[in-house]
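Peer 1: what shape does this take:
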Amino acid sequence: MKGTVVIDYLPESAAHYRDGYAIVVVDVMRATTTATTAVSLGWRVFPARTTDDAFIIASGLKNPLMVGEVGGNTPYGFDLTNSPVQISARADLERPIIFVSSSGTQLILSAEGSEGVYLACFRNFSAVAEHIAGRHERIALIGAGTRGQFRREDQMGCAWVAEKLVKMGYRTDSGKTDGYISRWSGVSPEEARKGKSAEYLLRSGQEEDLEFVIGHFDDLKTIPALKNGELVQAGK
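Peer 2: Below is the predicted model of the structure:
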């Protein structure tokens, strides 16, 4: 079975694809990178839409680790910001993560109810494409977006998954999708440095996360999937 693939962006776009599509969420800087890294290391990860929702989820779990950002700031009462570097430095894997981000977790949870919800980033785009190919006839790759913009790094991540799906027999269902694939085919992850997300990380003193995102390229087989409110390795 092969089918079609489309690229779109913004959390509200998920509503267009919940019926009959699998949705791949792409928020390279930084939500899907942070979550994929956490799942790869063995953490349980529970996404939340808001800080209020996060504390409600936390109330039912033992000693949770509160991770995330809202508007670029670490919420009051949280342990860590939305950072793959900070997650990678920790060893308390027994603590479940409650995870909030400005756009990424909004999109993850907005996609709930589709045929499948998967997370992709620079670290796992090949693994995601290989896993979903043949499992779903229609696939929507959605960039989380920031302030209404389809950020450069998310275009890249979406395009790379789509390109691999096309090579495996899928068809694009719009000229825009073709355009994204053409624009980013064969491009180095270093191109992400030219985007506004990279500018923000540098300006806010979070350049370690930028280096992590660019320096960890296609190095994981981990495919986070949303199951019953939790991000787990696809297939489990």
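Peer 1: what about stretch 186-205, start to end distance?
Peer 2: End-to-end distance for stretch 186-205, by CA to CA, to the nearest Å: 30 Å.
Peer 1: packing partners for the longest helix seen in the chain?
Peer 2: Determined from DSSP state H, the single longest helix within the chain is helix 152-167. With contacts taken as 3 or more CB pairs under 8 Å, 6 or more residues apart in numbering; DSSP states H and E, helix 152-167 sits against strand 4-9, strand 22-26, strand 116-120, helix 125-132, strand 138-143, helix 175-184, helix 196-203. Using the backbone N, CA and C atoms, a C-beta is placed for each residue, glycine as well.
Peer 1: how far off helix 196-203 does it point, in degrees?
Peer 2: 140 degrees (axes from the mean of the first three to the mean of the last three CA atoms, to 10 degrees).
Peer 1: returning to that earlier point: Throw the helices and strands packed on helix 152-167 into a markdown table and include mean neighbour count, thanks.
Peer 2: Below are the helices and strands packed on helix 152-167 laid out as a markdown table (neighbours: other CB atoms under 10 Å):
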| stretch | mean neighbour count |
| --- | --- |
| strand 4-9 | 24 |
| strand 22-26 | 30 |
| strand 116-120 | 26 |
| helix 125-132 | 22 |
| strand 138-143 | 28 |
| helix 175-184 | 16 |
| helix 196-203 | 16 |
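Peer 1: mind checking which of those is nearest residue 78?
Peer 2: Nearest of those to residue 78, taken as CB to CB: helix 196-203 at 18.4 Å.
Peer 1: next structured bit after the closest one?
Peer 2: The helix or strand immediately downstream of helix 196-203 is helix 207-215, counting by DSSP states H and E.
Peer 1: ok so, going back, helix or strand right after the longest helix of the chain?
Peer 2: Following helix 152-167 in sequence order, the next helix or strand is strand 171-172 (DSSP H and E).
Peer 1: where does this protein have low pLDDT?
Peer 2: The model of the chain has pLDDT under 70 over residues 1.
Peer 1: find the centremost residue of it, please.
Peer 2: residue 32 (2.7 Å; CA atoms, centre = their mean).
Peer 1: which residues touch residue 58?
Peer 2: Residues counted as contacts of residue 58 (CB atoms under 8 Å, 6 or more residues apart in numbering) are 64, 66, 98.
Peer 1: most neighbours among those residues, which one is it?
Peer 2: Per-residue neighbour counts (other CB atoms under 10 Å) across the contacts of residue 58 peak at residue 98, which has 27 neighbours.
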